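# Generate a structure from the sequence data that follows.
(one chain, ligands or ions: 1)
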Amino acid sequence: MRGKEMVKGKFVTFEGCEGSGKSTQLKLISRYLDGEGIPYIMTREPGGSPVSEQIRKIILDGSNTAMCDECEALLYAASRIQHLREKVIPALNEGKLVLCDRYVDSSLAYQGVARGLGLEYIGEINKKALELCPPDLTVFFNIPPDKAFVRKNGADENDRMEKQGLEFHKRVYGGYLQLLDKYPRICAVECGGAIGETTQNVINLLKEKGIIQ
Ligand code: TYD
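Presented below is the predicted three-dimensional model:
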């Protein structure tokens, strides 16, 4: 269990609204780490391991219109803990850097704030995950959703979360800003400029925080 054993790897999570360019940035950061020969894994939520990928399909399936908010939050939490045990913790224990596209802060912003379930409830159902794997650093790609949606040419109508509409995504963004205020481990990277500039800013941040050298 993390916390009881010596853990060598660092755990870095990435957050942001839809269309923030997160996926593109993560590919570029992977390329940089490959070039530097740094041992790492890149993974994602929801999903990242076989069982969690199956849960991901249920959550994001656009035809699951009857899903209640609590079920949604619990499925994200279920996918998360399975992914930690199956993939994240073993990699950390091998001393690898683990980079994860979304983590508990997504649940806090999307389900806690935007769905209105509250930060406390989301904290409760994710308590075990946070005990096992508190992030060493969380990078927040900061771009308001109205700008981000323009950039990605609108929402994917087959994706249950993306099709929630701009008002929902504005609440998500507001949630992230609250979290940014509350948790010093979350650092914002502005991402309205050139792609390469943002990548460099993230790499600088990883160095500054002692995640890589
Ligand atoms: P994905 O296609 O991976 O989106 P993105 O590329 O924007 O990361 O889908 C993940 C969706 O799930 C995304 O809309 C954010 C949402 N989500 C939550 O609502 N809560 C969570 O805890 C997580 C991890 C994701």
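# only C-alpha atoms for contact and neighbour calcs from this point on.
OK.
# what about the closest residue to the ligand within the chain, how many residues close to it?
Of the chain, the residue with the smallest distance to the ligand, taken as Cα to the nearest ligand atom, is residue 107 at 3.4 Å. Other residues within reach of residue 107 by the criterion other Cα atoms under 10 Å amount to 25.
# now do residue 22
The burial metric for residue 22, expressed as a neighbour count using other Cα under 10 Å, is 21.
# So that it lines up with my notes, have the first residue be 3 from now on.
In the new numbering, first residue 3, that becomes residue 24.
# Would you agree it is in contact with residue 143?
Yes. The criterion here is Cα atoms under 8 Å, and residue 24 meets it with residue 143 at 6.8 Å.
# anything in contact with each of those two?
Residues touching both residue 24 and residue 143 (Cα atoms under 8 Å, 6 or more residues apart in numbering) are 16-18.
# between the residues you listed, which is nearest residue 208?
The closest of the shared contacts of residue 24 and residue 143 to residue 208 turns out to be residue 16 (Cα to Cα; 11.8 Å).
# dump the residue contacts of the closest one.
Taking Cα under 8 Å, 6+ apart as the definition of contact, the neighbours of residue 16 are 24, 101-105, 140-143.
# so what's the residue nearest to residue 64 when sequence neighbours are not counted scoring on pLDDT?
If the residues on either side of it in the chain are set aside, residue 64 comes closest to residue 162, at 4.3 Å by Cα to Cα, 6 or more residues apart in numbering. If you check residue 162, the pLDDT there is 89.
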